[in-house]
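1. I would like the atomic coordinates for the input below:
(chains A and B)
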Amino acid sequence: MSEALEKRSDPVNQWVTFRLGEETYGINVMQVQEVLRITEIAPVPGAPDYVVGIINLRGNVVTVIDTRKRFGLFPKEPDDASRIVIIEAEDQVIGILVDSVAEVVELRASEIESAPSVGNEESARYIQGVTSHNGELLILVDLNRFLSDEDKAELDLF
Amino acid sequence: MRADSLGQSTIGWQDQVLSFYLRSLLNQTYGQPEPLVAERTEQDSITTFQPAQAAPPALPGWAQPEFQVVYFRVGHMVVAAPLAGVRRIERLNDSSRVTVLPGKPDWFLGLVRFQGEIIQLADTELLISGKSSTSTRSSYRHALLLDEGRWGLVCDEIVDMVRLRESDVRWRVNQSKRVWAAGTVINRLCVLMDPDRLIPGTQSNDKRIWRHRRP
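-> Residues are numbered from 1 along each chain as shown, chains lettered A, B, ... in the order given. Down below sits the predicted model:
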């Protein structure tokens, strides 16, 4: 098979990796706008519990989501390593609060295994797949499914 | 005047008693008592006195006349599983890295790599008994990798591997509940599980081969 054909059939994508607790997650680099240090986040009364608040990003109001809460993990106070990753998913710009940002990795489509799916649990929606990287498993998140339609509707109100 | 005698018929013996009574009434009028003749036909005996035969239990495809099982311990329980459904047993140690996935059920422990293969670990005790015993997750020392899918059932200890006969098991007939329990190993009084039916949401009855046990 020619090299060009092989590239087309097994595309390589770049993934921004971040840490939450003991696990490492990856999101498609094409959907990452920027990475910010922790800045002042204004709380929003009546917002869902996974919403940390809102920030002013060069004149734009961006909602910041607590990814730990979204994933059902134990809460943790942000520290110096914490970052807000500004992402764009289906024309909606939001910030996701993570423990730290690691590196950008390149992965072939063939290196990604499908995500285990049991029943109809919510995570089956947004976990795109898993892959091995540097001896550890990387959990790949589909940002387009990270928020449900209901979530998006609620965030639109801020 | 003599009462008309009843002709031969296929009616049940209860009806015959009633007929005798009615004849007696008639004979009282006409003065001709007749002895009761209890005529129970063969058909009556079968339909009235013999209970319906229970359907023989349907057995999993791996339940051959002889089959091997592995006994393993989870918490305080010893459970048996057919070796036909287990492709290999891997050791879990402190260096085994289990990756926890968000939003999964409690029994879904996470992912682990064995010999380059990503395996989904299931908390066997939680699936079987609905709760965790005093043993913690760190006490899990082995994973039974199932034939179907990429599942691994964790356990504390591998106890034994033996060969059983079909008659060594009391097979379950009614499996409306605890569908994963195929039967009980009689001489050990422990559950014999059907591994293919333990993981919720993954059973595929179409793929399983069932055979009926001859009484």
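2. Could you verify that residue B:102 is part of a strand?
-> No. Per DSSP: H, G, I helix; E, B strand; the rest coil, residue B:102 lies outside any strand segment and is coil.
3. can you pull the contacts of it?
-> A:70-73, A:123, A:127, A:139 (Cβ atoms under 8 Å, 6 or more residues apart in numbering or on different chains). C-beta here means a position set from N, CA and C on the backbone, and glycine is covered the same way.
4. next one: residue B:193
-> Counting by Cβ under 8 Å, 6+ apart, residue B:193 has contacts B:79-81, B:128, B:180-182.
5. How about residue A:52?
-> Applying Cβ under 8 Å, 6+ apart, we find residue A:52 in contact with A:41, A:43, A:64-66, A:97.
6. and the gap between it and chain B?
-> 17 Å (Cβ to the nearest Cβ, to the nearest Å).
7. Any idea which residue of chain B lies closest to chain A?
-> Residue of chain B nearest chain A, by Cβ to the nearest Cβ: residue B:103 (2.9 Å).
8. Am I right that that residue is in contact with residue A:115?
-> No. Using Cβ atoms under 8 Å, residue B:103 and residue A:115 do not qualify as a contacting pair, with a distance of 10.8 Å.
9. Looking at those two, which one has more neighbours?
-> residue A:115 (19 against 16; other Cβ atoms under 10 Å in any protein chain shown).
10. and the more buried one, what is it in contact with?
-> A:124, A:127-130, A:140, B:101.
11. now residue B:194
-> Contacts of residue B:194 by Cβ under 8 Å, 6+ apart are B:60, B:82, B:85, B:179-182.
12. By neighbours, which of these wins?
-> Of those, with other Cβ under 10 Å as the count, residue B:182 tops at 25 neighbours.
13. That one: which element?
-> Taking DSSP states H and E as the definition, residue B:182 sits inside strand B:181-185.
14. and that strand, what does it pack onto?
-> Strand B:181-185 sits against strand B:169-171, strand B:190-193, with contacts defined as 3 or more Cβ pairs under 8 Å, 6 or more residues apart in numbering or on different chains; DSSP states H and E.
15. now do 10 Å
-> strand B:58-60, strand B:77-82, strand B:169-171, strand B:190-193 (3 or more Cβ pairs under 10 Å, 6 or more residues apart in numbering or on different chains; DSSP states H and E).
16. rewinding a little: may I see the contacts of residue A:115 organised as a markdown table, with neighbour count, pLDDT and distance to residue A:154 added?
-> A markdown table is the format used below for the contacts of residue A:115 (neighbours: other Cβ atoms under 10 Å in any protein chain shown; pLDDT from 0 to 100; distance: Cβ to Cβ, whole Å):
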| residue | neighbour count | pLDDT | distance to residue A:154 |
| --- | --- | --- | --- |
| A:124 | 16 | 68 | 21 |
| A:127 | 25 | 91 | 22 |
| A:128 | 20 | 91 | 23 |
| A:129 | 18 | 93 | 28 |
| A:130 | 21 | 95 | 29 |
| A:140 | 21 | 96 | 25 |
| B:101 | 21 | 92 | 25 |
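17. CSV for those residues, including distance to residue B:66 and secondary structure?
-> Converted to CSV, those look like this (distance: Cβ to Cβ, whole Å; DSSP: H, G, I helix; E, B strand; the rest coil):
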residue, distance to residue B:66, secondary structure
A:124, 40, helix
A:127, 43, strand
A:128, 46, strand
A:129, 42, strand
A:130, 40, strand
A:140, 46, strand
B:101, 40, coil
